[in-house]
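K.L.:
mind looking at a prediction? Sequence and model below.
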Amino acid sequence: MIGPLLSTAALSIAGAPLLSSRRLRNGGQWIVGTVLGLYFTPAVAAQSLALAPWMLLGALWALLMGYLFGRWLLWSQPAGTVDATTAYFASVIGGASEMAAFAERVGARVDLVAAAHSLRVMLVVLVIPFGYQGLGLHGHDPAALSRVGVQPLGLVLLGLATAAGALAMHALRQPNPWVLGSLLVALGLTASGVELSAIPGWLSATAQLSIGISLGTRFTPAFLHTAPRWLAATAIGTLAMIAASAGYAWLVAQAAGLVPATVLLGNSPGGIAEMCITAKVLDLGVAVVTGFHVVRYVIVLVLTGPIHARFVRPR
């Protein structure tokens, strides 16, 4: 994921006419959601339920980070150049595409919102995985993938079931349906003890490739020139959130008896797919990380609109 992200971002900023396929991105998210769901064996599902209070607390932490990040963005810009609504949607720790859509509906500056989310996700994807690698952090994920291996017929059935879940979420206009729909179906099957097939390694790698390209091509030649002060404030705020999240993760890990590196992945200001892929590659409690992100994702997206209507728009 990281290699394609960096190369396509650099080429896009340099002016290369690169495009990413929405279908390939959706397919990559569908595969990632399915892979993550396969980690939720009955034992792991029970562990995640036991951690539910900490996951709810993680959602509140994300809302607090987003509020402080938004105040920082608003304060850092010259008076009158950025409105409170734009700063709000640029700072919510949620899906970049969903926040951009929110911003467009209420008349905020979509370019600034999209730029802030793209830079935030890119920095988190670079800083945390490379930081873990540099520190030699590598865990032993207690969640075992399917013991049945790759079964051609089972793989087809699993693909059909998870695709149906993704399409159902899409029809219901739910956010990020390709990750959440496939994840929930694969999670339900695995937690019930139904193991149809594992996912081939090359397919998982292809999914990461498509997501990396999708992230990288969000950057354009105008990215560095449109609002450099805005981008600088976004970068500083993102690094501050990573540092604050590291301290928060350490405290939660001590109280809950978890690995701090795992808790940080679950509560960092990054995206669900990117952080869960990192947990998968480094064997750092991928099911726990996924649980934290799914709970946070749903709560933040449900509350984003009401919070804006009640506290931001009246200003």
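P.N.:
That came through fine.

K.L.:
look up how far residue 67 lies from residue 137.
P.N.:
Noted for residue 137: a distance of 29 Å to residue 67, by C-beta to C-beta, to the nearest Å. No exception for glycine: its C-beta is placed from N, CA and C like everyone else's.

K.L.:
do the same with residue 119
P.N.:
19 Å.

K.L.:
please apply the same query to residue 191.
P.N.:
Distance of residue 191 to residue 67, computed by C-beta to C-beta: 34 Å.

K.L.:
for residue 85, same thing?
P.N.:
On the measure of C-beta to C-beta, residue 85 and residue 67 end up 14 Å apart.

K.L.:
can you tell me the SS state at residue 6?
P.N.:
Put simply, residue 6 is helix when judged by DSSP: H, G, I helix; E, B strand; the rest coil.

K.L.:
compare residue 85 and residue 67 (neighbour count), which wins?
P.N.:
residue 85 (20 against 17; other C-beta atoms under 10 Å).

K.L.:
what does that one show for phi and psi?
P.N.:
Here is the backbone geometry of residue 85 (degrees, to the nearest 10): phi -70, psi -40.

K.L.:
pLDDT weak spots in this structure?
P.N.:
Counting by pLDDT under 70, the chain shows low-confidence ranges at 95-98, 101, 139-147, 175, 223, 225-226, 314-315.

K.L.:
ok, longest helix in it?
P.N.:
helix 228-256 (DSSP state H).

K.L.:
would you mark the buried spots in stretch 45-58?
P.N.:
Neighbour-count burial for stretch 45-58, with 16 or more other C-beta atoms under 10 Å as criterion, is recorded at 45, 47, 48, 51, 54, 55, 57, 58.

K.L.:
ignore what I typed, I meant stretch 196-214.
P.N.:
196-199, 203-204, 207-214.

K.L.:
redo those as TSV? Include distance to residue 168 and secondary structure.
P.N.:
Shown next, in TSV, are the buried residues of stretch 196-214 (distance: C-beta to C-beta, whole Å; DSSP: H, G, I helix; E, B strand; the rest coil):
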residue	distance to residue 168	secondary structure
196	19	coil
197	21	coil
198	24	coil
199	21	coil
203	22	helix
204	23	helix
207	20	helix
208	25	helix
209	26	helix
210	22	helix
211	22	helix
212	27	helix
213	27	helix
214	23	helix
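
K.L.:
looking at those, which is nearest residue 267?
P.N.:
Nearest to residue 267 among the buried residues of stretch 196-214 is residue 211, at 20.8 Å by C-beta to C-beta.

K.L.:
ok, the closest one - contacts?
P.N.:
Contacts for residue 211 were tallied using C-beta atoms under 8 Å, 6 or more residues apart in numbering; they are 1, 25, 28, 29, 32, 273, 274, 277.

K.L.:
do the same with residue 295
P.N.:
Residue 295 sits next to 52, 55, 56, 58, 59 when contact means C-beta under 8 Å, 6+ apart.

K.L.:
nearest residue to the first one in space, please, no chain neighbours.
P.N.:
It refers to residue 52. Among residues not flanking residue 52 along the chain, residue 295 sits closest, at 7.5 Å (C-beta to C-beta, 6 or more residues apart in numbering).

K.L.:
torsion angles phi and psi at the one you found?
P.N.:
The phi and psi values for residue 295, taken as degrees, to the nearest 10, are phi -60, psi -50.

K.L.:
perfect, I'm done here.
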